[in-house]
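J.: When you get a sec, could you give me coordinates for this:
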Amino acid sequence: MFSIIAAIGKNHELGRKNELIFHLKDDMKFFRDTTTGHKVVMGHKTWDSLPGKLKNRTNIVVSRHDVPEADQTITDLQSYIDKNKDADEEIFIIGGGTVYHQFLPYAKKLYLTEVDATEPQADTYFPDFDPNNYSRETIKAGTENELKYTINKYTRKD
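T.: Prediction:
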């Protein structure tokens, strides 16, 4: 089963110049706690933005070229999706914008830290989705660095 995890602004902003826009300690802790022990799938730009492999996770990179440092490289995305969309294990999609867009139709859960802020200089956005197709559970709400945020889990209503 695919699950998406991201932090987004009011206009679905994700990043700028291959960096995250919102840096919230609670969001980073939630990301680490939620994805540890699981497979994490990311695009090549997201992989390149990391300081190194994410520890205690299987790092999978979607790329046209082999990424030797990763645990696995996906070169045939549709085959990977077809093989894993109904898996019992939870596989986390961690970015970036294009990879989120490609996996959104197959994701059963969306873990979204929704930040009550905008970033006009964003260049990467989370894809639009219809919240009416999901049930929403609020996991945590708070304020950090003068930014209000809510961590929500959206579960597809299939």
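
J.: CA atoms only: put stretch 32-48 into CSV for me.
T.: Taking C-alpha atoms only, stretch 32-48 is exported to CSV below (Å, rounded to 0.1, in the frame of the first residue of the first chain):
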residue,chain,number,x,y,z
ARG,A,32,11.1,10.2,11.0
ASP,A,33,8.8,8.3,13.5
THR,A,34,6.3,7.5,10.8
THR,A,35,8.7,6.3,8.0
THR,A,36,11.3,4.5,10.1
GLY,A,37,11.4,0.8,9.4
HIS,A,38,9.6,1.3,6.0
LYS,A,39,10.5,1.7,2.4
VAL,A,40,10.6,5.4,1.2
VAL,A,41,10.3,6.2,-2.4
MET,A,42,11.5,9.5,-3.8
GLY,A,43,12.5,11.2,-7.0
HIS,A,44,16.2,11.8,-8.0
LYS,A,45,16.0,15.5,-7.0
THR,A,46,14.7,14.7,-3.5
TRP,A,47,17.5,12.1,-3.2
ASP,A,48,20.1,14.7,-4.2
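
J.: State the mean pLDDT of it.
T.: Taken as a whole, stretch 32-48 has an average pLDDT of 97.

J.: next one: stretch 93-101
T.: Across stretch 93-101, pLDDT averages out at 95.

J.: Can you get me the centre-to-centre distance for it and its chain?
T.: Its chain's C-alpha centre and that of stretch 93-101 lie 6 Å apart, by Cα atoms, centre = their mean, to the nearest Å.

J.: repeat for stretch 33-41
T.: Here stretch 33-41 is found 11 Å from its chain centre; the criterion is Cα atoms, centre = their mean.

J.: For it, give me every contacting residue.
T.: For stretch 33-41, the surrounding residues in contact (Cβ atoms under 8 Å, 6 or more residues apart in numbering) are 2, 5, 54-62, 74, 89-94, 99, 103, 111. Quick note: C-beta positions are derived from backbone N, CA and C, even for glycine.
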